[in-house]
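**Student:** pasted the sequence and its predicted model underneath.
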Amino acid sequence: MRKWFLLVIMICRVCLQIIEESQYPPIVTPLEILVNSYLDEFPGGIIGKIHASDQDQYDTLVFGLADTATGSASSVVLNPASELFEIDRSDGTLVALPRLDVGEYHVNVTVSDGKFISHSIIKVSVELVSEEMLHHAVIIRFRDVSPSEFVLSHRKGFIRAVRNALGARIKDVVIISVQPSGQSSPGKIRPKRQITIRGLDVLFAVRKPQQPMAPSLSFHSADAIRKALTQHLEALEQSTGLIVEEIVREKCTAKYCTYGECRDRIVLNTTTAATPIATDVTSFVSPRHQHRIVCDCKEGYAGKLSICLSVCLSVCLCLSVCLSVCPSVCLSVRPSVRPSIHPSIHPSIYLSVCLSVCLSVSLSVCLSVYLSVYLMK
């Protein structure tokens, strides 16, 4: 018997690319990162991106972190960066972990092309943002500039102008937040001047010189900062190369609050991770801010925003409604409910029990109302 075999021949094309061995090490662009940590509770997240290049056309760059050596020659201490930071090995995105404390860090970043390894020390400064700082902060609005353009090209000129206007030091001028205009004003009040498409809001505060007898830090008041910048407005625009759209004033009016005192308040959005304003050489990380108007209610009143309610009046109204409703409810349901319970129950007994239960429930409800209104303070 003959056996037949089927021979299948497959042909595929293989392309081999022969490249020259790496001749040049990667070049890492120096990077400085400033992180603002509200109440020293930085939630973690992306804080910047390491940029590197290589003259070898076909090299693939791999990013990494190495320990940073500190101390003297006789006593060297290695600080593992991986405990506080992470880096994307393919694109160099740098991430800070949530337990990052206020202070200054030097992160040793490595970039390898498979043959050479280049190092660069990235400086990460974490600045504390306190409630006192926000209380004395001022918003200034610039025209026709983006956040990245301001951080890269105009930030230093802005800090110099504020320093000169207030007679402060460079390190005393703290930029808290930078964001496009229209995201910081309260919804009910519109600014007097129309916001431009590329307007920018800069929130900042200025420390006072520390006195020997007063070790705690203090800040220039918001009114003093506004007054000084108004007097030096031309110098501010010349130093920054920008047009000042507005030095944002307080929005409170005498009639805004009923039974309370109107106050301007700057709050930071800590519910979402901050998006870094990043360039090749610098990165600024801070929560977005919002300019709100709130009411500090008088004694005996409580509330939120522009509503102040009388605590006693709220509870009394609640009790009055309940006391008027309970008898009507018990009388209306008595004929249909009584026979199904027991025919011997006297109507007056049923009515007493019903009223007791209704009043107990009403008291619990009114107590809840009291607590909800009181806790609004």
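**Tutor:** Happy to help now that I have it.
**Student:** dump the residue contacts of residue 201.
**Tutor:** Residues near residue 201 by Cβ atoms under 8 Å, 6 or more residues apart in numbering: 139-141, 177-181, 183-184, 248, 289. Where you see a C-beta, it was placed from the backbone N, CA and C, and this is true even at glycine.
**Student:** may I see the buried residues of the helix or strand hosting it?
**Tutor:** In this assignment (DSSP states H and E), residue 201 forms part of strand 200-206. Buried residues in strand 200-206, counting neighbours by 16 or more other Cβ atoms under 10 Å, are found at 200-206.
**Student:** cool, stretch 47-66 as well?
**Tutor:** 47-52, 54, 56, 59, 61-63, 65.
**Student:** JSON lines please, covering these and showing secondary structure, distance to residue 262 and pLDDT.
**Tutor:** Converted to JSON lines, the buried residues of stretch 47-66 look like this (DSSP: H, G, I helix; E, B strand; the rest coil; distance: Cβ to Cβ, whole Å; pLDDT from 0 to 100):
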{"residue": "47", "secondary structure": "strand", "distance to residue 262": "37", "pLDDT": "97"}
{"residue": "48", "secondary structure": "strand", "distance to residue 262": "40", "pLDDT": "96"}
{"residue": "49", "secondary structure": "strand", "distance to residue 262": "43", "pLDDT": "97"}
{"residue": "50", "secondary structure": "coil", "distance to residue 262": "47", "pLDDT": "97"}
{"residue": "51", "secondary structure": "coil", "distance to residue 262": "47", "pLDDT": "97"}
{"residue": "52", "secondary structure": "strand", "distance to residue 262": "52", "pLDDT": "97"}
{"residue": "54", "secondary structure": "coil", "distance to residue 262": "59", "pLDDT": "95"}
{"residue": "56", "secondary structure": "coil", "distance to residue 262": "64", "pLDDT": "92"}
{"residue": "59", "secondary structure": "coil", "distance to residue 262": "62", "pLDDT": "91"}
{"residue": "61", "secondary structure": "coil", "distance to residue 262": "56", "pLDDT": "97"}
{"residue": "62", "secondary structure": "strand", "distance to residue 262": "57", "pLDDT": "97"}
{"residue": "63", "secondary structure": "strand", "distance to residue 262": "51", "pLDDT": "98"}
{"residue": "65", "secondary structure": "strand", "distance to residue 262": "50", "pLDDT": "95"}
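**Student:** and the two most separated of those?
**Tutor:** 47 and 56 (29.2 Å; Cβ to Cβ).
**Student:** ok, the buried residues of strand 200-206 vs residue 89, which is closest?
**Tutor:** Among the buried residues of strand 200-206, and counting by Cβ to Cβ, the member closest to residue 89 is residue 200, at 34.3 Å.
**Student:** mind giving me the domain split of the protein?
**Tutor:** The chain breaks down into these domains under automatic domain parsing: 27-128, 130-251+266-288, 309-374.
**Student:** make JSON lines from the ones you listed and add distance to residue 9 to it.
**Tutor:** JSON lines is the format used below for the domains of the chain (distance: least, Cβ to Cβ, whole Å):
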{"stretch": "domain 27-128", "distance to residue 9": "34"}
{"stretch": "domain 130-251+266-288", "distance to residue 9": "54"}
{"stretch": "domain 309-374", "distance to residue 9": "83"}
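**Student:** nearest to residue 14, of the ones you listed?
**Tutor:** domain 27-128 (18.3 Å).
**Student:** wait, residue 99 touches residue 126, no?
**Tutor:** No. Counting by Cβ atoms under 8 Å, residue 99 does not reach residue 126; the two are 11.4 Å apart.
**Student:** who has more neighbours out of the two?
**Tutor:** residue 126 (20 against 9; other Cβ atoms under 10 Å).
**Student:** and that one, what are its phi and psi?
**Tutor:** phi -110, psi 120 (degrees, to the nearest 10).
**Student:** which residues does it contact?
**Tutor:** 35-37, 42, 100-105.
**Student:** other residues contacting stretch 163-173?
**Tutor:** 159-160, 162, 204, 206-209, 220, 224-225, 228-229, 231-232, 235-236, 239.
**Student:** in that stretch, what counts as buried?
**Tutor:** 163, 165-166, 168, 172-173.
**Student:** distance between the ends of that stretch?
**Tutor:** 7 Å (Cα to Cα, to the nearest Å).
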